[in-house]
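Undergrad: This is a predicted model, with the sequence first.
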Amino acid sequence: MHAAGTQTARGRVGTFSAVKEEGFGYKEARHLLLRAGFGGTYEQIHTLARWGPERAVDHLVGYGEIPNETDLGSAFLDDIIRPLSRTERQELTRARQMGDEDTVDRYRKERQKRQRQDRGQMRDIQRAWLTWMVQTARPLEEKMTLFWHGHFATSFRNVEDSWHMYSQNQMLRKNAMGNFGELLLGIVRDPAMLKYLNNNQNRKGSPNENFGRELLELFSLGEGNYGERDIKEAARTLTGYTFRDNDFYFNHNQHDKGNKRVLGAVGNYDGDALVKIILRQEACALFVCLKLYKFFVRDIPMDLSVVDLVTRKVLLQMAMMLRKGGYEIGPVVRKLLMSEHFYDSINMGTKIKSPCELLIGSVRSLGVPVRDIGVVSEAMDLMGQSLFLPPSVKGWDGGRNWINTSTLFVRQNTLIYLLTGALPTRPGFLRDSSYFDPLALVPSLNTPVESDSSDELIVRELMELTLGGGDESMVRSVVDGAVQGGTMRESEAVVRALVLLTSMPEYQLC
């Protein structure tokens, strides 16, 4: 499996200039849908190829013009983990003072009941997001929401409030292709993040540095672009930034009102002012563009000094565009997806799919049924990507870290499950033809004119969809493994071919 992290002899590493119409065909359209969404069907890929790069990219980036008919939060409760009322607090205090263990135990059991209910709601929210990724007509919106979830990584394990996690997810979605400054301001006022990084414990006279440190290092500037003094002063600006119930609350009594010296600026700053100071740093735009580049284009080091010269030039152009554009993300992403560089061969088919990209992409591109969203969610957990539960504030490392002997086994078994309905504990092909018609994936079998498609042609068409192509020896191998005495015009043979194709290393790449 090849996943490029540095420049190789594979391609010329094109410029940041717009790709020409004649340089945009099926392979480029497929690449665009894989990176700016979760892949596409044969018809979707050919539609984008026919439209050309500008219309194709504008369709994905301009998703605000496409109706959004699903409300992820309509079934979720915002008061499962609610603070006690004044009357309840008084009753519990009296019970403790009077040694009324029955009353204390009743409150404890009620709290435990609510925590169990909240954990169940978190699972429901997790599955609802996965379902919406499958169904949405706005794939780039969800892809960008996933990007920001990894960038501003927050875990339910520490937050312990499903509504706060859901609200953060909605805030990220709302600003997914909007303004980075608005996103950063939203994060410093976000109850889930404030709880996750202990800023609800950040008070004048005893500042907690957790949020200030991660805000500078992981969310905005990157290592080497601030000092320890900046972390301490940033923490002081964030004193009093907390929440009450489901809303941000600025506790003036706990805010340090003295002057702070942070990132070269001096003043009586609060967290909102800190965001403005951060955005003035040249390192901020470059850091954000590095993260966007790694997500959309190629896994590269975060250290610009060790990146090849052409890629460095593209990154610097992105950063300049982001700063001059007032930190508007949409135009930068559009320019990147339109660029020659994005479609260079060194950048195509070189990124290892995340579990989310692998499974959601398989459902969307192959038309297989989800079958059981709970099984899909559990499989993603085993693969190392449980939504709303990133391993740390750094998010998921991604890249080669997605693949090991254990996760590869789960990847293949889950794809078999999606294609056949068979779980590892239930061997055999249990295809449900009412939900999945594999013959519909073969273009030559779905033309108005009766086709005499050969087995080899059918496999080539399947390979074009799943792998982006393949050589003759691979075609012959798949035919031999799939037909089993019949022909490729049979549903069972196409399913067997898809099982073989999705088990190949190339299918793990996008």
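TA: Yep, that arrived. Numbering: from 1, shown residues only.

Undergrad: shaky segments in the stretch 151-300 of the chain?
TA: The model of the stretch 151-300 of the chain has no residue with pLDDT under 70.

Undergrad: All the strands of it, residue numbers only.
TA: 241-244, 247-250, 260-262, 265-267 (DSSP state E, counting those that start in this stretch).

Undergrad: What of the stretch 351-500 of the chain?
TA: According to DSSP E, counting those that start in this stretch, the stretch 351-500 of the chain contains no strands.

Undergrad: buried sites along the helix ranked longest in the chain?
TA: In terms of residue count, the longest helix belonging to the chain (DSSP state H) is helix 101-135. Using 16 or more other Cβ atoms under 10 Å as the burial criterion, the residues of helix 101-135 that qualify are 118, 121-123, 125-134. Using the backbone N, CA and C atoms, a C-beta is placed for each residue, glycine as well.

Undergrad: tell me what it is packed against?
TA: helix 86-98, helix 139-151, helix 162-174, helix 355-366, helix 373-383 (3 or more Cβ pairs under 8 Å, 6 or more residues apart in numbering; DSSP states H and E).

Undergrad: Quick one: the buried residues of helix 101-135 as TSV, columns for pLDDT and distance to Val376 too.
TA: Putting these into TSV (pLDDT from 0 to 100; distance: Cβ to Cβ, whole Å) gives the following:
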residue	pLDDT	distance to Val376
Asp118	98	22
Gln121	97	18
Met122	98	16
Arg123	97	12
Ile125	97	15
Gln126	97	10
Arg127	96	8
Ala128	95	12
Trp129	96	12
Leu130	97	6
Thr131	95	9
Trp132	94	13
Met133	96	10
Val134	96	9
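
Undergrad: one step back: check the strands of the stretch 151-300 of the chain for me and report the most buried one.
TA: The highest mean neighbour count among the strands of the stretch 151-300 of the chain, using mean count of other Cβ atoms under 10 Å, belongs to strand 260-262: a mean of 21.

Undergrad: neighbouring contacts of that strand?
TA: Arg229, Asp230, Glu233, Ala234, Arg236, Thr237, Val266, Gly267, Asn268, Tyr269, Leu274, Ile277 (Cβ atoms under 8 Å, 6 or more residues apart in numbering).

Undergrad: ok, the last one touching Ala265?
TA: To tie it back to what came earlier, the one meant is Ile277. Yes: here Ile277 reaches Ala265: they are 5.0 Å apart, a contact under Cβ atoms under 8 Å.

Undergrad: Make a markdown table from the buried residues of helix 101-135 and add distance to Leu358 to it.
TA: Shown next, in a markdown table, are the buried residues of helix 101-135 (distance: Cβ to Cβ, whole Å):
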| residue | distance to Leu358 |
| --- | --- |
| Asp118 | 29 |
| Gln121 | 26 |
| Met122 | 23 |
| Arg123 | 21 |
| Ile125 | 21 |
| Gln126 | 17 |
| Arg127 | 17 |
| Ala128 | 20 |
| Trp129 | 16 |
| Leu130 | 12 |
| Thr131 | 16 |
| Trp132 | 17 |
| Met133 | 12 |
| Val134 | 13 |
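
Undergrad: which of the residues in stretch 470-479 are buried?
TA: In stretch 470-479, counting by 16+ other Cβ under 10 Å, buried: Gly470, Met474, Val475, Val478, Val479.

Undergrad: What of stretch 155-167?
TA: Residues of stretch 155-167 classed as buried under the neighbour-count rule (16+ other Cβ under 10 Å) are Ser155, Phe156, Val159, Glu160, Asp161, Ser162, Trp163, His164, Met165, Tyr166, Ser167.

Undergrad: Adding distance to Lys313, write the residues you listed out as CSV.
TA: Below are these laid out as CSV (distance: Cβ to Cβ, whole Å):
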residue, distance to Lys313
Ser155, 37
Phe156, 41
Val159, 41
Glu160, 46
Asp161, 45
Ser162, 44
Trp163, 45
His164, 41
Met165, 39
Tyr166, 41
Ser167, 40
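
Undergrad: quick check, nearest of the residues you listed to Ala56?
TA: Tyr166 (32.2 Å; Cβ to Cβ).

Undergrad: any idea what sits nearest that closest one, other than its immediate chain neighbours?
TA: Distances taken as Cβ to Cβ, 6 or more residues apart in numbering place Ile125 nearest to Tyr166, at 5.1 Å, with adjacent residues excluded.

Undergrad: Is that neighbour in contact with Phe388, as I believe?
TA: Yes: in terms of Cβ under 8 Å, Ile125 counts as a neighbour of Phe388; the distance is 7.0 Å.

Undergrad: can you list residues touching both of the two?
TA: Common neighbours of Ile125 and Phe388 (Cβ under 8 Å, 6+ apart) are Met165, Asn169.

Undergrad: can you list the domains in this structure?
TA: Under the assignment automatic domain parsing, the domains of the chain span 21-61+282-347, 352-431, 437-510.

Undergrad: Out of the ones you listed, which is closest to Glu101?
TA: domain 352-431 (35.2 Å).

Undergrad: contacting residues for the spatially most central residue of the chain?
TA: For the chain, the residue nearest the mean C-alpha position is Leu146 (2.3 Å; Cα atoms, centre = their mean). Neighbouring residues of Leu146 by Cβ under 8 Å, 6+ apart: Met133, Cys356.

Undergrad: Over to Leu263: give its phi and psi.
TA: Here is the backbone geometry of Leu263 (degrees, to the nearest 10): phi 50, psi 40.

Undergrad: do you know how far it is from Ile81?
TA: 36 Å (Cβ to Cβ, to the nearest Å).
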